[in-house]
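**Student:** Structure, please.
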Amino acid sequence: MNLPKDFIDRMSDMLGDEMPDFLDAMDKTPINTGLRINTLKDGARESVLSELSSYSPVPWCDDGYYISKSELSGTHPYHMGGLIYFQEPSAMSTVCALPINKGDFVLDLCAAPGGKATQVAGRLCGSGFLVANEIVKKRADILSDNIKRLGIKNAVVTNESPKNLENKFPHFFNKIIVDAPCSGEGMFRKEPQAVDCWSVEHTLSCADRQRHILDSAMSMLRGGGYLVYSTCTFSPDENEKIVDYVLDTYKNIELCDIKSLTALSNGIIKCSKYENITYTKRIFPHKQNGEGHFVALFHNTDAKEDRNIKTAKANNNALYREFENKFLNTHLDGTFVTFGDNLYLMSENIDLNKLKVVSPGLYLGTLKKNRFEPSYALALALKKEDFKNTLDCSLDMINAYFKGETLKCGHNGWTALLYNGYPMGFGKASGGVLKNHYPKWLRLM
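**Tutor:** Alright, predicted model coming up:
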């Protein structure tokens, strides 16, 4: 790999005798990819691993595995049905550093395409409240699609600047993720085009933006809460020097020892207030099986204060409840929100007024004239036993469904299609035929 001279000189200063090993690793194309199990799906680990001929665990993530790139594709039913998420193994370490508990209110401030947000959702186990934000609209739409695919009920997707969120949610979240936009040095092997965009000036520009993002994030962190900061770059200006900035600027913030990431390398630059550099963590491609990454964990030492929640107007929806009573064995609680003809369910009754919202909660479906039409996202958020009508599908049948074909079915009305017991979407059966309601924009060619 043809790396910039300034980059090589800086890495040589950082790594010393390890530099030849680092350069050798940077010249090797990774042969494996990362896969993370969606723990919201009961039994998903056993089902997915039984499909693989070989795999090995990611040392820092209990739900992560290395697999061959030829093992599973995005068209496999387990991906289409949200049992798995393909994710760079290094990126899994960020959420693993954060002590997430059931019931937490969590913000993923730079969330697209959704790897970390969906990982958080698995740890919340359907409880608490997750705001997944992305400032770029196209990326926010992709983020929303992944939230739907993994069957997440308790997430709101926003398309906002950190500053606008700061004004809406002061001291609101007790866990925050800032996986900051960076110079991307750690991804040079996978994204060689990033090398052409690299310069010392670019790393300094990224660092300036990271400080502004963290300023907004810190104002949203509750007393007693934790914030994890991560990048996919090697640059100390974007890593340890950012840690220094936080500690110098915020007297109520302390740096934490990340005991859950012992498989990672220690930070290599001493922070001004911490001689113990093991408090920050790094991934190097010549030391760990992953791309370059940096992680730091901060704790707000202020006393916990009450969260000031402005609630939205509570409501109900008769058409959805009619559908629920007729075709489901479960009752979903929350606050109904309508976007045009689309109906959503918020897990927490929180006012989102004046925010650009892509998805205010679980996408239930569409309100038609005097009827309700369920979404595939609703099907993926439920379990087999939650449906009154189900159709068990072979691999050929479910692939035909993903292509938009009709199937034979003995039920009448809305029916959930299952593959190995996992919901994949809805169809509507009548006269022995199941009309396909899999979204047209997701169908396989």
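**Student:** from here on, contacts and neighbour counts on C-alpha atoms
**Tutor:** Fine.
**Student:** Now the element after whatever helix or strand residue 225 lives in, going C-ward?
**Tutor:** Per DSSP states H and E: residue 225 is located in strand 221-231. Past strand 221-231, further along toward the C-terminus, the next helix or strand under DSSP H and E is helix 240-249.
**Student:** orientation of that following helix relative to strand 221-231 in degrees?
**Tutor:** For helix 240-249 against strand 221-231, the angle between stretch directions is 160 degrees (axes from the mean of the first three to the mean of the last three C-alpha atoms, to 10 degrees).
**Student:** Which neighbouring elements make contact with helix 240-249?
**Tutor:** helix 200-220, strand 253-256 (3 or more C-alpha pairs under 8 Å, 6 or more residues apart in numbering; DSSP states H and E).
**Student:** Apply 10 Å and report the result again.
**Tutor:** Using 3 or more C-alpha pairs under 10 Å, 6 or more residues apart in numbering; DSSP states H and E as the contact criterion, the secondary-structure elements in contact with helix 240-249 are helix 200-220, strand 253-256, strand 293-300.
**Student:** Moving along the chain from the second one, name the first helix or strand you hit.
**Tutor:** Past strand 253-256, further along toward the C-terminus, the next helix or strand under DSSP H and E is strand 265-266.
**Student:** In the sheet, which strands lie alongside that following strand, parallel or antiparallel?
**Tutor:** In the sheet containing strand 265-266, its partner strands are strand 281-283 (antiparallel), by DSSP bridges.
**Student:** which residues sit against the partner strand?
**Tutor:** Contact partners of strand 281-283, identified using C-alpha atoms under 10 Å, 6 or more residues apart in numbering, comprise 90-91, 93, 97, 186, 230-234, 239-240, 257-258, 261-268, 288-297.
**Student:** what ranges do the helices span in the protein?
**Tutor:** For the chain, helices defined by DSSP state H occupy the ranges 5-15, 19-26, 44-49, 77-80, 92-96, 115-124, 137-149, 162-168, 193-197, 200-220, 240-249, 318-327, 376-381, 395-402.
**Student:** export these to TSV and tack on distance to residue 431?
**Tutor:** Converted to TSV, these look like this (distance: least, C-alpha to C-alpha, whole Å):
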stretch	distance to residue 431
helix 5-15	67
helix 19-26	60
helix 44-49	33
helix 77-80	27
helix 92-96	48
helix 115-124	39
helix 137-149	30
helix 162-168	51
helix 193-197	55
helix 200-220	55
helix 240-249	64
helix 318-327	17
helix 376-381	22
helix 395-402	18
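**Student:** how about CSV for those, with mean neighbour count added?
**Tutor:** Converted to CSV, these look like this (neighbours: other C-alpha atoms under 10 Å):
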stretch, mean neighbour count
helix 5-15, 14
helix 19-26, 16
helix 44-49, 14
helix 77-80, 20
helix 92-96, 24
helix 115-124, 23
helix 137-149, 21
helix 162-168, 17
helix 193-197, 13
helix 200-220, 18
helix 240-249, 18
helix 318-327, 15
helix 376-381, 25
helix 395-402, 18
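**Student:** For residue 61, find the nearest of these.
**Tutor:** Distance to residue 61, taken as C-alpha to C-alpha, is lowest for helix 92-96 among these, at 6.4 Å.
**Student:** Run through the neighbouring helices and strands of the closest one.
**Tutor:** Here helix 92-96 is seen to pack against strand 32-37, helix 115-124, strand 173-179, strand 221-231, strand 281-283, strand 293-300 when contacts are counted using 3+ C-alpha pairs under 10 Å, 6+ apart.
**Student:** Mark out where each domain of the chain begins and ends.
**Tutor:** Listed domain ranges for the chain are 5-10+89-300, 31-86, 318-442 (source: automatic domain parsing).
**Student:** if you compare the ones you listed, which one is most tucked away?
**Tutor:** With neighbours defined as mean count of other C-alpha atoms under 10 Å, the domains of the chain peak in mean count at domain 5-10+89-300, which reaches a mean of 20.
**Student:** Quick check: end-to-end length of that domain?
**Tutor:** Across its full length, domain 5-10+89-300 reaches 40 Å end to end, with C-alpha to C-alpha, to the nearest Å as the criterion.
**Student:** mean confidence for that domain?
**Tutor:** Averaged across domain 5-10+89-300, pLDDT comes to 94.
**Student:** Please apply the same query to stretch 390-402.
**Tutor:** Throughout stretch 390-402, pLDDT has a mean value of 98.
**Student:** Then stretch 374-385?
**Tutor:** Confidence over stretch 374-385, taken as the mean pLDDT, stands at 98.
**Student:** Over to stretch 55-74?
**Tutor:** Per-region confidence: stretch 55-74 scores 94 on mean pLDDT.
**Student:** JSON lines for the helices and strands packed on helix 240-249, including distance to residue 146?
**Tutor:** Output for those, formatted as JSON lines (distance: least, C-alpha to C-alpha, whole Å):
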{"stretch": "helix 200-220", "distance to residue 146": "23"}
{"stretch": "strand 253-256", "distance to residue 146": "31"}
{"stretch": "strand 293-300", "distance to residue 146": "23"}
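**Student:** Between the helices of the chain, which one is closest to residue 358.
**Tutor:** Proximity to residue 358 (C-alpha to C-alpha) singles out helix 137-149 among the helices of the chain, at 7.0 Å.
**Student:** Also compute the angle for the closest one relative to helix 115-124, please.
**Tutor:** Compare the direction of helix 137-149 with that of helix 115-124 by the same axes, to 10 degrees and you get 30 degrees.
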